[in-house]
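> Prediction below, plus the sequence it came from.
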Amino acid sequence: MRIAKTKFEWIQTMSELDQTPIAEKLRGAGLRPTRQRVALADLLFKNGDRHVTAEGLHEEAVAVRFSVSLATVYNTLNQFTMAGLLRVVAIDGTRTYFDTNTSNHYHFYLEDQGKLVDIPPNELRVEGLPQAPDGTTIAGIDVIVRLSSSSRN
């Protein structure tokens, strides 16, 4: 099976696809490295940590001539999340971001731009957490600090 060349500059055949570092990353997370998963993972992970929406990733794929449906992008992002490769950050239940940085960290949300930005490590401390109910442990803490431009006030 030949895979069309794109800006990715990877993958001539399925056997080459199977040997890429992205394919290894997917296999390590328990996912089969399909053509769609490898292409989307390449876009997601090749330039370091970032926050994406499904619509934004779909636009990136279209821009590099990788034909994929928005539904496939959503499904793939959810599969990556379930496999521990991504972290979901929900804003007001109206917008969902997928974060490639799965460590415990916090975010600024720039409301005017619809942009999510990591808060630098050690810039925020959470103190005075309640005791977790019996039989449970705290798995994480989500903090989103909302920012608006000063000119709006």
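Right, received. Where do you want to start? Numbers count the residues shown, from 1 in each chain.
> This protein - how does it break down into domains?
14-91, 104-153 (automatic domain parsing).
> now the helices for this structure?
Assigned by DSSP state H, the chain shows helices spanning 14-17, 21-28, 35-45, 54-63, 70-82.
> which of the ones you listed is buried the deepest?
helix 35-45 (a mean of 21; mean count of other C-beta atoms under 10 Å). C-beta: built from backbone N, CA, C; applies to glycine.
> which secondary structure elements does that one contact?
helix 14-17, helix 21-28, helix 54-63, helix 70-82 (3 or more C-beta pairs under 8 Å, 6 or more residues apart in numbering; DSSP states H and E).
> my read: Tyr109 touches Val145, true?
Yes. Taking contacts as C-beta atoms under 8 Å, Tyr109 lies within contact range of Val145: 7.1 Å.
> The two - which one has more neighbours?
Tyr109 (20 against 12; other C-beta atoms under 10 Å).
> pLDDT score for the more buried one?
As predicted, Tyr109 sits at a pLDDT of 94.
> go on, Ser150?
77.
> and it, how many neighbours?
6.
> Contacts only, for it.
With contacts defined as C-beta atoms under 8 Å, 6 or more residues apart in numbering, Ser150 has no neighbours.
> Asp112 versus that one, what's the distance?
10 Å (C-beta to C-beta, to the nearest Å).
> comparing the helices and strands packed on helix 35-45, which gets the lowest mean pLDDT score?
It's helix 14-17: among these, that one has the lowest mean pLDDT, namely a mean of 61.
> circling back: nearest to Gly135, of the helices of the chain?
Of all the helices of the chain, it is helix 70-82 that lies closest to Gly135, at 23.5 Å by C-beta to C-beta.
> worst-scoring helix or strand of this protein, pLDDT-wise?
helix 14-17 (a mean of 61; mean pLDDT, DSSP states H and E).
> Dump the domains of the chain into CSV; add distance to Tyr97 as well.
Shown next, in CSV, are the domains of the chain (distance: least, C-beta to C-beta, whole Å):
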stretch, distance to Tyr97
domain 14-91, 5
domain 104-153, 5
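> Relative to Phe98, which of these is closest?
Nearest to Phe98, of those and by C-beta to C-beta, is domain 14-91 at 4.6 Å.
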